[in-house]
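1. Take a look and give me a structure for this.
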Amino acid sequence: MSVRLIRGRWPRVVERRFHRFVWADPRVIMATDASSDAFREAMSAVHVGGTYKITGAARHTAADDLLLKHVDMSRCTLVDIGASDGSTSLDLLDRLPDDLGAYVIADLYLALRHTVAGRVDLFFDPAGDCVLVVGRRLLAWPQLSWLGRVAGAAALLRARRAHARDEEVVLLNPDVRRRMAQDPRLTARVHDVFQPWTDEPPDVVKVANLLRRLYFSDEEITRALRQLLAALPEGGHLLVVDNPRIEGIDLRGGLFQRRDARFVTVATTDHPPEILELVEAVRLPGPVA
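-> Numbers count the residues shown, from 1 in each chain. Here you go, the predicted structure:
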């Protein structure tokens, strides 16, 4: 079902009866006074790039422990790719040394465009595609259902006829935005994990809940891993994390180091990451010692 009821807009008996299909109002992400928890809950309705931006705090502690135990992070630059709203980035940043060089939150979808058509709010991805329609009592995803497409098309037509102006909606948690304003080490930038990293080579790259077989084929994951390997200098580290939602497995993580144009496993959590064999198999062109 690609349509949901908005919490607080229906009789209580209806919301109790259909509680699985009752969601928080996504428009909370536009509220300047939204709490971090409310923002994270509202973000779960954002569907871009084939995935929902489900996020949360304190989800990667055991995997982050690998980095803190095995890598001296003093004066290092860490790039956190696929960091969503940045909640877990703050968790890790708070545990890193004060002389950390830089922490870069990187995600392909750091912002949406928003416009209003009457009582309907429309959200668009960077490519200009409508990804979320929010009415007074319902929300829908145009890319996932015919009903959402119909609702989106009708509202978009009204918006165009009214020459409605759009605005940017930043998808970073309020806590993250406040920290960025205070801490010069923390920045954010748009980055596609399948494309080359164009800034200075980072010392550490963290990729969490992104390179998963749930979203991509092994061939696609390997292509992304080659880009990550190429982005790191010799001796640089890659931290891979996933929260699989499998009974008995809360988190899987692995720390890898670039050595001779390949990744070597440094340490893993009790349950290694799903793509362990793909990470260990990736190579860059050229001779390998």
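2. can you pull out the helices in the stretch 51-200 of the chain?
-> Along the stretch 51-200 of the chain, counting by DSSP state H, counting those that start in this stretch, helices occupy 61-70, 87-93, 146-161, 174-182.
3. Show me where the stretch 101-250 of the chain has its strands.
-> In order along the chain, the stretch 101-250 of the chain carries the following strands (DSSP state E, counting those that start in this stretch): 102-107, 111-117, 120-124, 130-134, 138-140, 167-170, 186-190, 204-208, 237-242.
4. Out of the helices of the stretch 51-200 of the chain, which one sits most buried?
-> The highest average neighbour count among the helices of the stretch 51-200 of the chain, using mean count of other Cβ atoms under 10 Å, belongs to helix 87-93 at a mean of 22. Backbone N, C-alpha and C define where each C-beta goes, glycine included.
5. same for it, what does it pack against?
-> If you count contacts as 3 or more Cβ pairs under 8 Å, 6 or more residues apart in numbering; DSSP states H and E, helix 87-93 packs onto helix 61-70, strand 77-81, strand 102-107, helix 174-182.
6. among the ones you listed, which is nearest Leu122?
-> Of all those, strand 102-107 sits nearest to Leu122, with 21.4 Å by Cβ to Cβ.
7. So which bits of the closest one are buried?
-> Within strand 102-107, the residues scored as buried using 16 or more other Cβ atoms under 10 Å are 102-107.
8. and what of stretch 115-129?
-> In terms of neighbour count (16+ other Cβ under 10 Å), stretch 115-129 has its buried residues at 115-117, 120-125.
9. so where's the chain uncertain?
-> For the chain, applying pLDDT under 70 flags the ranges 1, 151, 159, 161-164, 286-289.
10. Give me the most central residue, it.
-> Centroid-nearest residue in the chain: Ser84, 2.5 Å away (criterion: Cα atoms, centre = their mean).
11. about what we covered before: the strands of the stretch 101-250 of the chain into TSV, with extra columns for distance to Ala267?
-> Listed next are the strands of the stretch 101-250 of the chain as TSV, based on distance: least, Cβ to Cβ, whole Å:
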stretch	distance to Ala267
strand 102-107	21
strand 111-117	35
strand 120-124	40
strand 130-134	38
strand 138-140	42
strand 167-170	35
strand 186-190	26
strand 204-208	14
strand 237-242	10
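12. how close does the residue nearest to the centre of the chain sit to Val240?
-> Distance, Ser84 to Val240, by Cβ to Cβ, to the nearest Å: 16 Å.
13. Now do the buried residues in stretch 214-232.
-> Residues 216, 221-222, 224-229, 231-232 are the ones in stretch 214-232 that count as buried (16+ other Cβ under 10 Å).
14. ok, now stretch 53-60?
-> Buried residues in stretch 53-60, counted by 16+ other Cβ under 10 Å: 53-56, 59-60.
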